[in-house]
Structures are given as structure tokens and as C-alpha cells.
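Predicted model and sequence follow; I will ask about them next.
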Number of protein chains: 6
Amino acid sequence: MPFITVDMYEGRTIEQKRQLVKDLTEATMKLGVPASAVQILIRDVPKHNWANAGKLASEG
Amino acid sequence: MPFITVDMYEGRTIEQKRQLVKDLTEATMKLGVPASAVQILIRDVPKHNWANAGKLASEG
Amino acid sequence: MPFITVDMYEGRTIEQKRQLVKDLTEATMKLGVPASAVQILIRDVPKHNWANAGKLASEG
Amino acid sequence: MPFITVDMYEGRTIEQKRQLVKDLTEATMKLGVPASAVQILIRDVPKHNWANAGKLASEG
Amino acid sequence: MPFITVDMYEGRTIEQKRQLVKDLTEATMKLGVPASAVQILIRDVPKHNWANAGKLASEG
Amino acid sequence: MPFITVDMYEGRTIEQKRQLVKDLTEATMKLGVPASAVQILIRDVPKHNWANAGKLASEG
């Protein structure tokens, strides 16, 4: 703990994910926890699986 | 908020998902929230990743 | 399956939840699944545990 | 209920998943619940979507 | 990893949870992972926050 | 999207949560998304609901 999940649109590169988990971990360490305690799970979401206001994100 | 996730068997069409998020959003708006506040995340689940009573759904 | 979770602000009444799960279940049944297959988990979220645009919802 | 999710590295075989859901269900039944009440959802996670200590698991 | 969540009705004792996480961990280790890799998060769910077939579990 | 959840031990102050969501949002914006797209849900977890290596965190 802390355990973090990130649901975001698919298509990010490994380099982007590498940077993201580094930055999220550093932000979380300000709580006073060691880096080793921070775990992050990324979920790649297709736009047709995400909706706001009753419309799929893939529908524009 | 509200934030809704739907884990369901993979294989539904875009049209089915389009209808589902529309209907779920309308049902949720009865709480008194605007459509724009309702977010929905669908997760497509293979039958071999779901189990009930100790058996994978893919096992019949 | 389908398995649905709803994270929403705490404070809704039992009557509101009763109506919500009824409506969400009926919306989901249009996929062709029986009512008995639809399961819903509600999570009551305090406003100080939800953030958008970098600010807690409790901060106004 | 109980409803169990298992996020684990992708690559396990159907046979491993079959055994896992059987064992997890039996462990959970010790709570006094019938097998039919225990539901399990497995999520296969690529190593580049999991991080500990600020580094992706795929980075060694 | 593996990372396991258990949503179950509130009311279980610490002793029941202690036994449950021990048993779930041992079941998961059969995948060939060490005990230290297995993490479990329990969520206590009020019966009025769980529904099946369109009815809250608290409604009998 | 992105949608972020943080499961962490209960007991953090509002001020700590305020800082955390600010920092996590800024870290996520490096992906090229606007602040308004970033949503965060914090879940406060009692130590007796978290286990590693088969033991509850509350057991020391």
C-alpha cells in the first residue's frame, strides 16, 4: 500500500507508461511511504469501452 | 460521479454497448445527476476468466 | 455476469438505491441476460475522497 | 457474494486458472458460504502495465 | 502480483479474515509465486449496497 | 479519463489528500491530458482489510 490503478485510453507507449509510474510513485511518496510500498496497475481501455453523458467515447 | 463499471462477457457489439451506456446513464440520472456526470467503463471478460462455484464459465 | 459497480457520493437513501438497482438491472437485461445474472455493487464515496482537475470534491 | 478479483501476470494456462478458481473457492467456503455464492474474475495483466517502486515490471 | 480483492458482506471477524487471507494466499502460491508476492484487499460491503436480480440483498 | 483509484491505509488527513490529488493530477497531465480529464477516487482501507504474504497488516 498505497495501491494505485490507472484506467486510461489504450495507445500510450512504454516510454509514457515508464514516466507515468515514476511520477505517480514520487507524488505518492510525499505521504511518507517508501517507493517499494507503491504499486501501480495500468489498464488500457479502448474508446468504445468508455462512456460519458450516455455516449461512447469512440462516437466522437 | 457516479462512476460505473460493467464487467461482462466479451463479444457484445458496438451497437449493444452504445445502447447499454445510454440506458444505464438514463437510469442513473433518476438520482438527480446530469448526464455529463455519469461515466461508464466497460470491461470485456473472456469466459475463461470468470468463475462461479469453483468452475470457469468456459468449462460449461 | 454482467457485474456492475457504482461509485457514487454517499448520502443516497435506501429507497434511491432500491430504485437504482432495479433500473440498472432492467437496462442491462436488454443485452439478453436474465435478471438473476445481473449483480450490482454500490460504493458510497465521501466527497473528500473524490477529485477532479486536481481538487477534492469537498473543496467546492 | 463473496466476489473475488485476481489481477495477475498474463500467461497462465487454462489448467492453472481452473485449479486456481477451484482452490480460491474452497478457501472462501470456510467462511460458511456455499460454492454457488463465490464468484471470481481473473484479469490478465501485461508486465508493462504493472509497476512497483516506480518501475515497470517489464523493465526487470 | 498476484493482487486479489475480496468484496464480501460486512460482519466477518478479524479471526475469519486472518484465516481467509492465509488460505487464499496458500491457494495462490500453487501458481508458483512466493507468499510475499500475494496481496489481498478485503472490502466490507453492507447488504444494502449489493444487489442481485434487481433487488438489494438487504430486502430479503 | 484517465481515471485513477488509490487504495491506501485510512488515517490520512484532508490536507494530505488535497496535496496527493494535486500531485497525482499534475503527474498524469504529462500524458498530454487536461486537468479536467483527470479523476481520482481514494479508498481508505483499515489495516485489518489488507494482507501481504498471508498475514493481515494489522497483525504486525
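Yes, it's here.

ranges for the strands of chain A?
Under the criterion DSSP state E, chain A contains strands at A:3-9, A:39-45, A:50-52, A:55-56.

Out of the ones you listed, flag the one nearest chain D.
Between chain D and the strands of chain A, the shortest gap by CB to the nearest CB is with strand A:39-45, which sits at 4.2 Å. (C-beta placed from N, C-alpha, C; glycine too.)

Redo the strands of chain A as JSON lines? Include mean neighbour count, mean pLDDT and distance to chain B.
Below are the strands of chain A laid out as JSON lines (neighbours: other CB atoms under 10 Å in any protein chain shown; pLDDT from 0 to 100; distance: least, CB to the nearest CB, whole Å):
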{"stretch": "strand A:3-9", "mean neighbour count": "21", "mean pLDDT": "98", "distance to chain B": "6"}
{"stretch": "strand A:39-45", "mean neighbour count": "21", "mean pLDDT": "98", "distance to chain B": "7"}
{"stretch": "strand A:50-52", "mean neighbour count": "21", "mean pLDDT": "98", "distance to chain B": "4"}
{"stretch": "strand A:55-56", "mean neighbour count": "18", "mean pLDDT": "98", "distance to chain B": "6"}
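
Turn these into a markdown table, including distance to E:Ile42.
Listed next are the strands of chain A as a markdown table, based on distance: least, CB to CB, whole Å:
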| stretch | distance to E:Ile42 |
| --- | --- |
| strand A:3-9 | 13 |
| strand A:39-45 | 17 |
| strand A:50-52 | 28 |
| strand A:55-56 | 34 |
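
closest to E:Asp7 out of those?
strand A:3-9 (15.1 Å; CB to CB).

Tell me if the closest one is near chain E.
Yes: Strand A:3-9 is in contact with chain E by CB under 8 Å from any CB of the partner chain, via A:Phe3.

Next, the angle from that strand to strand F:39-45.
Strand A:3-9 runs at 160 degrees relative to strand F:39-45, counting by axes from the mean of the first three to the mean of the last three CA atoms, to 10 degrees.

quick one: contacts for the nearest residue to A:Met29 once chain neighbours are set aside?
Distance criterion CB to CB, 6 or more residues apart in numbering or on different chains; nearest residue to A:Met29, sequence neighbours excluded, is A:Ala35 at 6.0 Å. By CB atoms under 8 Å, 6 or more residues apart in numbering or on different chains, A:Ala35 lies in contact with A:25, A:29, D:53-54.

again, but for A:Lys17
A:42, D:48-49, D:51, D:56.

Go through those residues and name the one nearest chain F.
A:Ile42 (9.3 Å).

beta partners of the closest one?
A:Val6 (DSSP bridges).

Relative to C:Ala35, how far out is it?
Going from A:Ile42 to C:Ala35 by CB to CB, to the nearest Å gives 34 Å.

okay, now A:Leu20: neighbour count?
Using other CB atoms under 10 Å in any protein chain shown, A:Leu20 is surrounded by 22 other residues.

For chain F, see how far away it is.
To chain F, A:Leu20 is 6 Å away according to CB to the nearest CB, to the nearest Å.
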